[in-house]
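[1] have a look at this prediction, sequence included:
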Amino acid sequence: MEKRVFGKTGMEVSVLGFGGAEIGFEGASASTVREILSAALDAGLNVIDTAECYMDSEELIGEAVSSRRDDYYLFTKCGHKWTYSEEAWGALDIAESLERSLKRLKTDYVDLLQLHSCSKKILQKGDCIKALEKAKQEGKVRAIGYSGDGEDAVYAIKTGAFDVLQTSCSIADQECIEKLLPLAGEKGMGVIAKRPIANAAWRSTSRPQNIYIQPYWERLKELKYDFINGNPETVGETALRFTLSCPNVHTMIVGTTKPTRWLENAKIVDQGNLSEAEFEAIRARWKKVAREEWTGQV
């Protein structure tokens with residue numbers, strides 16, 4: 001699998017990584033997670049991304065692959081204690097969160113610790129950034145990052161404090177392509193694309209109940225891409241390769257609870273970027289149809 005230099009961190013990351021939210025929120029079993037990650041590592045995966053608030057995701061990952069710690073880069077996030085609704089941005093909160101993550105992940109360091117959808121207002125106080133920098137100085141963290149979107153992410157990038165940006169980027173979420181990715185490139189940041197297949201919203205024939213998917217489903221209904229033609233597999237291929245083709249994107253994280261899905265996605269990315277014509281056609285359709293309120297989804 002192709003690897004890209006992860007900005008100024010110097011890490012060489014696989015272009016397809018594993019996102020740990022789904023295994024936590026969908027209650028994956030330990031044996032399923034072990035099967036998924038063991039096969040993915042054997043196939044060239046070297047990026048695993050998770051967060052403290054993804055239910056038991058960190059524990060599942062730690063149990064599954066901590067014995068292979070040298071085979072992958074381990075990313076996690078802090079700032080939401082247990083759930084998204086319970087914010088914890090103080091220096092002590094972050095330090096305690098990191099210790100919990102290390103214990104769950106069965107490791108003594110993480111390669112990347114990210115502030116998880118932290119607002120500009122909180123960033124301006126500076127305490128959370130200092131807490132990450134302290135963890136880096138102590139050797140518990142190799143690099144520090146910001147995970148988020150929109151104006152909050154613009155501010156985070158411009159501080160110059162972060163090594164990495166994680167942001168939403170897909171056929172249904174393209175604000176970052178002009179607003180964030182060039183700025184991140186100028187700062188030499190590594191970039192992680194989250195939701196790179198737009199939560200596979202095209203698979204739903206009617207408005208999905210999951211509010212996490214609804215905005216993308218509604219956007220795709222209006223975008224009416226010509227490649228959304230009733231075959232979900234070919235749509236998925238185009239969607240994933242579109243995000244792969246975005247300038248300054250280094251790795252894309254996709255979650256799954258299906259043992260074969262990561263390997264199927266790996267075969268897709270092995271096809272490489274879309275052609276320039278295919279990529280620009282999708283961009284042109286977005287520019288024609290997208291509304292001002294179609295901002296990056298946190």
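    Yes, it's here. These numbers come from a predicted model, not from an experiment.
[2] rest of the way, CA atoms for contacts and neighbours
    Noted.
[3] my read is that L240 contacts V269, right?
    Yes. At 7.3 Å, L240 and V269 qualify as touching, with contact defined as C-alpha atoms under 8 Å.
[4] who's more crowded, the two?
    Per other C-alpha atoms under 10 Å, whichever of L240 and V269 has more neighbours is L240, with 25 against 20.
[5] buried sites along the strand or helix carrying that one?
    Following DSSP states H and E, the helix or strand that holds L240 is helix 232-245. Using 16 or more other C-alpha atoms under 10 Å as the test for burial, helix 232-245 gives V235, G236, E237, T238, A239, L240, R241, F242, T243, L244, S245.
[6] now the residue positioned nearest the centre of the chain: closest residue in space, sequence neighbours ignored.
    In the chain, the residue lying closest to the centroid (C-alpha atoms, centre = their mean) is K194, at 3.0 Å. In space, and not counting its chain neighbours, K194 is closest to S168: 4.8 Å by C-alpha to C-alpha, 6 or more residues apart in numbering.
[7] ok, the one you found touching T295?
    No. Assessed by C-alpha under 8 Å, S168 is found out of contact with T295, at 9.7 Å.
[8] in terms of neighbours, single out the busier of those two.
    In this view S168 and T295 are compared by other C-alpha under 10 Å, and S168 has more residues nearby, 27 against 16.
[9] average model confidence for the helix holding L240?
    Rounded to a whole number, the mean pLDDT of helix 232-245 is 94.
[10] am I right that Y225 is in a strand?
    No. Per DSSP: H, G, I helix; E, B strand; the rest coil, Y225 lies outside any strand segment and is coil.
[11] count of residues packed around it?
    When neighbours are counted by other C-alpha under 10 Å, Y225 registers 15.
[12] for it, give its distance to L16.
    The spacing between Y225 and L16, counted by C-alpha to C-alpha, to the nearest Å, is 24 Å.
[13] how about I192?
    On the measure of C-alpha to C-alpha, I192 and L16 end up 10 Å apart.
[14] surely L244 touches N273?
    Yes. Between L244 and N273 a contact is recorded at 6.0 Å, counting by C-alpha under 8 Å.
[15] my guess is D127 contacts G90. True?
    Yes. Look at D127 against G90 with C-alpha under 8 Å: they come within range, at 6.4 Å.
[16] which neighbours do I192 and L16 have in common?
    Counting by C-alpha atoms under 8 Å, 6 or more residues apart in numbering, the shared contacts of I192 and L16 are T251, M252, I253.
[17] tell me the one of those residues nearest E35?
    Minimum distance to E35 across the shared contacts of I192 and L16 is 17.7 Å, recorded for I253 (C-alpha to C-alpha).
[18] ranges for the helices of the protein?
    21-25, 30-42, 57-65, 91-105, 120-125, 127-137, 150-159, 175-179, 181-186, 214-223, 232-245, 261-269, 276-289 (DSSP state H).
[19] dump these into a markdown table; add distance to C78 as well.
    Converted to a markdown table, the helices of the chain look like this (distance: least, C-alpha to C-alpha, whole Å):
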| stretch | distance to C78 |
| --- | --- |
| helix 21-25 | 14 |
| helix 30-42 | 22 |
| helix 57-65 | 12 |
| helix 91-105 | 6 |
| helix 120-125 | 13 |
| helix 127-137 | 10 |
| helix 150-159 | 15 |
| helix 175-179 | 22 |
| helix 181-186 | 21 |
| helix 214-223 | 25 |
| helix 232-245 | 25 |
| helix 261-269 | 25 |
| helix 276-289 | 33 |
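[20] quick check: V298 vs E2, distance?
    Looking at V298 against E2, where the rule is C-alpha to C-alpha, the gap reads 28 Å.
[21] got it, and E99?
    As for E99, its distance to E2 is 33 Å (criterion: C-alpha to C-alpha).
[22] what separation is there between I144 and A156?
    With the distance defined as C-alpha to C-alpha, I144 ends up 12 Å from A156.
[23] can you work out which residues contact both of the two?
    Counting by C-alpha under 8 Å, 6+ apart, the shared contacts of I144 and A156 are F162.
[24] drop anything exposed from the shared contacts of I192 and L16.
    T251, M252, I253.
[25] rewinding a little: the helix holding L240 vs helix 276-289, what angle?
    Angle, helix 232-245 to helix 276-289, by axes from the mean of the first three to the mean of the last three C-alpha atoms, to 10 degrees: 90 degrees.
[26] how big is the angle separating helix 232-245 from helix 261-269?
    Computed by the same axes, to 10 degrees, the angle between helix 232-245 and helix 261-269 is 70 degrees.
[27] by contact count, what packs against helix 232-245?
    Counting contacts by 3 or more C-alpha pairs under 8 Å, 6 or more residues apart in numbering; DSSP states H and E, the secondary-structure elements packed against helix 232-245 are strand 251-254, helix 261-269.
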